[in-house]
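**Student:** got a predicted model here, sequence first, then my questions.
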Amino acid sequence: IYAQTGNYLNNVGIVTAPENEPTKKTAKLIPAEELLGLPENPAVKAIVDEARTNFNAENEKVIVDYIPFTLDGQREKCAHTRDQLREFDW
């Protein structure tokens, strides 16, 4: 298992759990800059490129072109009060 840890992929976390003993897992952090020199894997690149293309295509779609109020996504507002997105008629 690979896991991003910290902000902006500053570290890559590698979690290893043997199939026959998954409770005996180990974890370590590797600074992302130490991995920059690794060769690119063409099969992984193809998967990432396809995912990026699909993501970009979906996120280019305009679903609602105008909202007559300001959306406030601050945690204090969203977690503890009724916010605008809950009231929006999807």
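**Tutor:** Okay, I see it. Given the structure is predicted, the values throughout are model-derived calculations rather than measurements. Residues are numbered from 1 along each chain as shown.

**Student:** where does residue 12 fall, helix, sheet strand or coil?
**Tutor:** Classification of residue 12 using DSSP: H, G, I helix; E, B strand; the rest coil returns strand.

**Student:** mind checking pLDDT for the closest residue to it other than its chain neighbours?
**Tutor:** Spatial nearest neighbour of residue 12, chain neighbours left out: residue 30 (5.0 Å); criterion: CB to CB, 6 or more residues apart in numbering. Placement of C-beta: from N, CA and C, glycine included. On the pLDDT scale, residue 30 is placed at 89.

**Student:** surely residue 27 is within a strand?
**Tutor:** Yes. The assignment for residue 27 by three-state DSSP puts it in a strand.

**Student:** that one reaches residue 14, doesn't it?
**Tutor:** Yes. In this structure residue 27 lies within contact range of residue 14 using CB atoms under 8 Å: 7.0 Å.

**Student:** re the thing from before, I figured the residue nearest to residue 12 was touching residue 9, is that so?
**Tutor:** No. Residue 30 is beyond contact range of residue 9, at 11.0 Å (criterion: CB under 8 Å).

**Student:** higher neighbour count, those two?
**Tutor:** Per other CB atoms under 10 Å, whichever of residue 30 and residue 9 has more neighbours is residue 30, with 13 against 10.

**Student:** may I have the phi/psi pair for the more buried one?
**Tutor:** phi -120, psi 120 (degrees, to the nearest 10).

**Student:** pull out the buried positions in stretch 9-22.
**Tutor:** Within stretch 9-22, the residues that qualify as buried are 11-12, counting by 16 or more other CB atoms under 10 Å.

**Student:** any low-confidence regions in this structure?
**Tutor:** 1-6, 72-73, 75-90 (pLDDT under 70).
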